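J.: pasting the sequence and the predicted model now:
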Amino acid sequence: MKTMEHHSPEQREGLWRKLSAGERAVLRGQPELELEARLTDALAHLPNVPVPSNFTARVLDAVALEDMRAARAARTRWSWSWRGWWPRVAATAAVLLVAAAVFYQHEASRSRSEMAKSLSLVASAKGVPSVDVLENLDVIQRMSQPAHADTELLAALQ
C-alpha cells in the first residue's frame with residue numbers, strides 16, 4: 001500500500017482545488033489521496049476568518065525571534081558559562097568526596113580486620129615464657145653473642 005510520502009507534492013497540491021467527478025473516480029484507487037481530497041472539501045466549507053492587518057508582520061517577527069533564540073542557544077552551547085559548569089563541577093566534587101569516604105572506610109575496615117587476625121594469632125600462640133626465663137634473659141642474650149678475644153689478656157701473655 002502506498003503512503004503519502006510516495007506521492008509527489010504536485011499530486012497532493014493538485015487536490016487543493018475543487019475536483020471534478022472524473023478526477024474523484026481516479027482517486028478511488030488511491031485511498032491516501034482520496035482522504036486528502038475529502039479533507040480539502042471539508043476545509044472549503046469552513047467560513048473564512050478575518051485576519052488582522054499586521055498578521056504577516058507578526059508572523060515574520062515570530063520567525064525572526066525563533067531564529068535569534070536558536071542562534072543564541074548555539075552560541076551558549078559552545079561557550080564557557082559558570083551557570084552551566086558550576087552544577088557539573090559541584091556534582092563531580094560530591095562524587096569524588098563520596099568515593100574518597102568509601103575508600104577510607106574500606107581501608108579502615110581492612111586495617112581493623114588485619115589487626116584482629118594478628119591479635120588472634122598472638123592469642124593462639126603456645127604460651128608466654130615463664131618469669132624465671134625472663135629473669136635470666138640478660139645471661140641468655142650474652143651467650144648468643146659471638147666471643148671476642150680479650151686483647152689485653154693476649155698482650156699480657158706474650
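T.: In hand now; what should we look at?

J.: helix, strand, or coil at residue 18?
T.: Classification of residue 18 using DSSP: H, G, I helix; E, B strand; the rest coil returns coil.

J.: for the worst-scoring helix or strand of the chain on mean pLDDT, list the C-alpha coordinates in PDB.
T.: The weakest-scoring helix or strand in the chain, judged by mean pLDDT, DSSP states H and E, is helix 9-13 (a mean of 71). Extracted in PDB, the C-alpha atoms of helix 9-13 (Å, rounded to 0.1, in the frame of the first residue of the first chain):
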ATOM      1  CA  PRO A   9       4.000  17.300  -3.900                       C
ATOM      2  CA  GLU A  10       2.400  18.300  -7.200                       C
ATOM      3  CA  GLN A  11      -0.100  15.500  -6.900                       C
ATOM      4  CA  ARG A  12      -1.100  16.500  -3.400                       C
ATOM      5  CA  GLU A  13      -1.200  20.200  -4.300                       C
END
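
J.: which neighbouring elements make contact with it?
T.: helix 31-44 (3 or more Cβ pairs under 8 Å, 6 or more residues apart in numbering; DSSP states H and E). Where you see a C-beta, it was placed from the backbone N, CA and C, and this is true even at glycine.

J.: give me the buried positions along the helix it packs on.
T.: In terms of neighbour count (16 or more other Cβ atoms under 10 Å), helix 31-44 has its buried residues at 32, 33, 34, 36, 37.

J.: after it comes which helix or strand?
T.: Scanning the chain past helix 31-44 towards its C-terminal end, the next helix or strand to appear is helix 55-78 (assignment: DSSP states H and E).

J.: what is the mean pLDDT for that next one?
T.: Model confidence over helix 55-78 averages 87 on the pLDDT scale.

J.: how about stretch 143-155?
T.: 76.

J.: flag every buried residue along that stretch.
T.: Neighbour counts using 16+ other Cβ under 10 Å place no residue of stretch 143-155 among the buried ones.

J.: the longest helix in the chain is where?
T.: In the chain, with assignment by DSSP state H, the single longest helix is helix 82-123.
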